[in-house]
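Asks: kindly return the folded structure for what I paste below:
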Amino acid sequence: MKYPIVILTALEVERKAVELHLKNKTVETHPNTGTDYVKGTFSKGDIEIDIIVGRTDQTNVNAALETERALEYFNPEYVFYVGVAGGLKDVSVGDIVIGTDVIGYERGKAEGLNFKPRPQFGASSYDLERLASTYSNSINWKNILQELTESKFSSEIKTFTGTIASGEKVDSSYQSDLHKHIKQNASHALAIEMEGLGFLRVCQTRPSVKSLLLRGISDLVNDKGEMDNIGSQPYASKNVSAFLFGIINQLEFNTQSSNIQTLENKLFEILCKLYPRGIEDKGIWLRAGGDLSLVPNGITGKGQWIEATRLLQLGGGGMITKDSLKQSILEDFPNNKDVAKI
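Replies: Take a look at the predicted model:
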């Protein structure tokens, strides 16, 4: 079975907001687990696109299990995770965050009274991230924004691109130990939620499937109860769902040009997903013969891979080659079919 697009949410309010954009809706049940999905169509010009919508429930563990199940059964070209999140930095209620990457802030080692973080990372597909960023500045999206804005929440809906923090706890107070931990160890994160890490870690094992994490801001941590009471979750879900389907309307399916682009960017996509922390992740660049000093280390993992793959294409980067890099990747991921096809 193969469907072009799978969309996953954590909450029913988020799934309902997504389903409003579909027609010809029916229920699809997984034959082995009984998991229920909504199958529908979305009109892209004269084309009807088949879309599957599933709900994972909360937490990264559940998100990972359901993402793996959906990817295995439906075999999509694109997979999206959309829903609400708490705002941490710069954002307001109703705003949208394009998750370039996610940081799992809870993993670490406790030594007496000290805690040494050992964060985990995941990354969205670079081309989808860039498409979303471009769409956020389009005339089409600006026209849609006029219909979405509600004065009781904000006078303007803004779109941000950046890191999202993900863990198993709800952050509902600026004074909590959890919030202080996040600000200390993930100070650059724009939003916080509970599913993105599980979703992107599973997508990491399937680099050929394009994936994107999108969040609508439903509260600013300290006002969570107040915002929930006046309908911020349906509002944020509506905003991020409208943004998602604007992106979907820009996608190309199974065209020769998109296949060529996929081949050209396959190595970069695989590197970003399998090594989201950058060229020093698992020592991959050095093991393949690369020179660490030639790539800036003060930028994001994805930024490092942009520079590194550019060096590789130009024949630079030390003794590294595409073949040596592929062999080093296969040492880490010997059963990954996408790596074998590079």
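Asks: what residues are up against the closest residue to Val27 other than its chain neighbours?
Replies: Spatially, and ignoring its direct neighbours in sequence, Val27 is nearest to Asp36 (5.8 Å; Cβ to Cβ, 6 or more residues apart in numbering). C-beta coordinates here come from the backbone N, C-alpha and C atoms, glycine included. Residues near Asp36 by Cβ atoms under 8 Å, 6 or more residues apart in numbering: Val27, Glu28, Thr29, His30, Gly54.
Asks: the first one contacts Val38, correct?
Replies: So that's Val27. Yes - judged on Cβ atoms under 8 Å, Val27 makes contact with Val38 at a distance of 6.4 Å.
Asks: those two: who's more crowded?
Replies: Legend: neighbour count by other Cβ atoms under 10 Å for Val27 and Val38, higher for Val38 (19 against 8).
Asks: tell me, how many residues neighbour Ala63?
Replies: Quick note: Ala63 (other Cβ under 10 Å) scores 28 neighbours.
Asks: so where do the helices sit in this structure?
Replies: In the chain, the helices defined using DSSP state H lie at 12-19, 60-74, 126-135, 139-148, 177-185, 196-204, 224-229, 232-248, 256-274, 284-287, 301-313, 322-332, 337-340.
Asks: ranking these by burial, who's on top?
Replies: helix 196-204 (a mean of 26; mean count of other Cβ atoms under 10 Å).
Asks: can you give the contact residues for it?
Replies: By Cβ under 8 Å, 6+ apart, helix 196-204 touches 8, 56, 59-65, 67-68, 71, 79, 81, 99, 101-104, 120, 122-124, 164, 166-167, 209, 211, 213, 215, 273-274, 276.
Asks: send the alpha carbons of that helix over as CSV?
Replies: Coordinates of the C-alpha atoms in helix 196-204 are reproduced here as CSV (Å, rounded to 0.1, in the frame of the first residue of the first chain):
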residue,chain,number,x,y,z
GLY,A,196,8.4,15.7,17.9
LEU,A,197,11.5,13.8,19.0
GLY,A,198,9.8,10.4,18.7
PHE,A,199,8.4,11.4,15.3
LEU,A,200,11.7,12.6,13.8
ARG,A,201,13.9,9.9,15.4
VAL,A,202,11.8,7.3,13.5
CYS,A,203,11.9,9.4,10.3
GLN,A,204,15.7,9.4,10.7
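Asks: what angle sits between that helix and helix 60-74?
Replies: 30 degrees (axes from the mean of the first three to the mean of the last three Cα atoms, to 10 degrees).
Asks: quick one: helix 196-204 to chain centroid distance?
Replies: Computed by Cα atoms, centre = their mean, to the nearest Å, the separation of helix 196-204 from the middle of its chain amounts to 8 Å.
Asks: find the nearest non-adjacent residue to Val38, please.
Replies: Nearest non-adjacent residue to Val38 (Cβ to Cβ, 6+ apart): Val53, at 4.5 Å.
Asks: measure that neighbour to Ser208 for me?
Replies: Distance, Val53 to Ser208, by Cβ to Cβ, to the nearest Å: 22 Å.
Asks: between these two, which is the more surrounded one?
Replies: The residue with more neighbours, out of Val53 and Ser208, is Val53; 25 against 16, by other Cβ under 10 Å.
Asks: partners of the more buried one in the sheet?
Replies: Ile7, Val38 (DSSP bridges).
Asks: pretty sure it contacts His21?
Replies: No - the criterion here is Cβ under 8 Å, and Val53 misses it with His21 at 9.6 Å.
Asks: and this structure, what are its domain boundaries?
Replies: Taking automatic domain parsing as the criterion, the chain consists of the domains 5-248, 256-340.
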